[in-house]
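S.K.: Here is the input, now give the coordinates:
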Amino acid sequence: MSASRRPDRRSADISAWLNHAFSTAAADRPAAEDALTRLYALLGEPPPEFVWVPSPNAAVPPVSASAEPVESRLATRVAALRRRWGDVSPEARQTVKESGAALIRAAIPRSFGLHWYGQQDAYWVPPDPDDPELALWATLVRSCGWWWPRDGVCVVAERPLAIRTDDAHRLHSASGPAVVYPDGWGVHVWHGTRVPPWVIDDPTADRINRSLNVEVRRCAIEHLGWPAYIDQAGLRLLSRAPDPGNPGCELRLYTLPSPLGHEPSRLLLAVNGSVERDGTRRRYGLRVPAEFDHPLDAAGWSYGLTGAQYARLQRRT
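M.R.: Residues are numbered from 1 along each chain as shown. Below you'll find the predicted structure:
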């Protein structure tokens with residue numbers, strides 16, 4: 001469909017539509033099964049047996065032995081729809097697909113083939129489409145969670161019991177899973193970053209220092225708080241200085257305990273020059289070589305500069 005035929009979609013209340021992607025109401029099973037039966041009919045297939053599961057993690061779709069399985073033929077039709085319609089908006093893709101469905105998928109430890117997201121397909125399915133086939137997908141956005149079409153059977157997941165987000169509409173919870181399904185399975189997320197449960201439930205300096213994942217460490221420290229982390233980790237402040245590249249902010253250089261088998265290092269604590277999506281500026285810690293005794297030298301090293309060169313910066317980002 002050409003861009004000239006899309007003004008109604010752009011003028012629709014996208015925010016209200018995307019609310020379906022984060023709905024925690026029980027699935028409308030009759031509506032979902034009717035829409036799925038009609039999609040099967042478009043492929044020339046009889047109505048499938050429906051198997052409802054309490055979460056995407058609980059889905060174990062049967063493997064089809066057909067040469068042209070239903071899911072592959074359906075994917076071909078979806079590709080044609082996507083070429084005509086594209087995404088609802090870039091913001092919808094970021095909010096629903098990349099900051100929502102992708103994090104849930106990443107938390108499931110196995111692969112189970114082609115599937116669709118039901119309510120979280122709202123990022124590409126437009127509200128109130130005039131295309132009859134696309135209208136079936138809009139019904140699924142309004143009525144169910146993830147689903148797996150297979151020959152003769154369709155596995156469909158319930159919607160979550162809870163979905164928690166931050167002010168920037170990213171999955172987030174500081175007190176338990178950000179997404180919880182009826183069977184108790186959930187996903188822990190800190191401001192859009194998927195993390196192990198301990199980051200939310202019991203962050204400690206010891207666990208943080210043992211983590212090999214930089215992003216997990218960052219999230220855990222943010223949750224615990226820099227003062228508490230510095231105290232628990234036994235860090236000692238070596239020196240501090242105004243940050244010339246970030247007016248009004250301060251650089252702090254701390255000693256770091258040397259883990260067994262690792263080179264000694266220090267921690268430079270700084271404030272991000274860029275504003276986050278929620279309007280705040282993130283504090284972050286950067287490991288630097290132990291040869292530095294002044295925070296300007298350490299900050300300069302992180303940019304490939306000397307301390308004197310960094311001191312002459314107007315502003316960094």
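
S.K.: What is the subsequent helix or strand relative to the lowest-mean-pLDDT helix or strand in the chain?
M.R.: Ranked by mean pLDDT, DSSP states H and E, the weakest helix or strand in the chain is helix 7-11, scoring a mean of 43. Per DSSP states H and E, the first helix or strand lying C-terminal to helix 7-11 is helix 14-18.

S.K.: Just the buried positions in that next one, please.
M.R.: 14, 17-18 (16 or more other CB atoms under 10 Å). All C-beta spots, glycine's among them, are computed from the backbone N, C-alpha and C.

S.K.: Just list the residues touching the most centrally placed residue in the chain, thanks.
M.R.: Taking CA atoms, centre = their mean, the centroid of the chain lies closest to residue 99, which sits 3.1 Å from it. With contacts taken as CB atoms under 8 Å, 6 or more residues apart in numbering, residue 99 has the following neighbours: 169-171, 192.

S.K.: among the residues you listed, who's most crowded?
M.R.: residue 171 (26 neighbours; other CB atoms under 10 Å).

S.K.: Only C-alpha atoms, please: export the longest helix seen in the chain in CSV.
M.R.: Using DSSP state H, we find that the single longest helix of the chain is helix 70-85. The C-alpha trace of helix 70-85 is given here as CSV (Å, rounded to 0.1, in the frame of the first residue of the first chain):
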residue,chain,number,x,y,z
VAL,A,70,1.3,-24.2,8.3
GLU,A,71,3.7,-21.8,10.1
SER,A,72,5.8,-21.4,7.0
ARG,A,73,2.9,-20.7,4.7
LEU,A,74,1.5,-18.3,7.2
ALA,A,75,4.8,-16.5,7.4
THR,A,76,4.7,-15.9,3.7
ARG,A,77,1.3,-14.2,4.0
VAL,A,78,2.5,-12.1,6.9
ALA,A,79,5.6,-11.0,4.9
ALA,A,80,3.2,-9.7,2.2
LEU,A,81,1.1,-7.8,4.7
ARG,A,82,4.2,-6.3,6.3
ARG,A,83,5.5,-5.1,2.9
ARG,A,84,2.2,-3.3,2.4
TRP,A,85,1.8,-1.8,5.8
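
S.K.: contact partners of that helix?
M.R.: Counting by CB under 8 Å, 6+ apart, 1, 9, 39-40, 42-43, 45, 64, 113-116, 124, 126, 129, 131, 133-134, 137, 148-151 sit against helix 70-85.

S.K.: Next, check those against the helices and list the overlap.
M.R.: Using DSSP H, these in helices are 9, 39-40, 42, 133-134, 137.

S.K.: from those, which is closest to residue 120?
M.R.: residue 137 (11.9 Å; CB to CB).

S.K.: In contact with the closest one, which residues?
M.R.: With contact set as CB under 8 Å, 6+ apart, residue 137 has these partners: 35, 81, 121, 125.

S.K.: Tell me the secondary structure of the residue lying closest to residue 47 once chain neighbours are set aside, please.
M.R.: Once flanking residues are discounted, residue 47 sits nearest to residue 37: 4.5 Å by CB to CB, 6 or more residues apart in numbering. Reduced to three states with DSSP: H, G, I helix; E, B strand; the rest coil, the structure at residue 37 is helix.

S.K.: do the one 10 residues further on as well
M.R.: For residue 47, the secondary-structure state derived from three-state DSSP is coil.

S.K.: my read: it touches residue 39, true?
M.R.: No: in this structure residue 47 lies outside contact range of residue 39 using CB atoms under 8 Å: 10.5 Å.

S.K.: Compare these two (neighbour count), which wins?
M.R.: When residue 47 and residue 39 are compared for neighbours, residue 39 comes out ahead with 24 against 14, by other CB under 10 Å.

S.K.: Need the nearest residue in space to the more buried one, chain neighbours excluded.
M.R.: The shortest distance from residue 39 to any non-neighbouring residue, by CB to CB, 6+ apart, is to residue 136 (5.5 Å).
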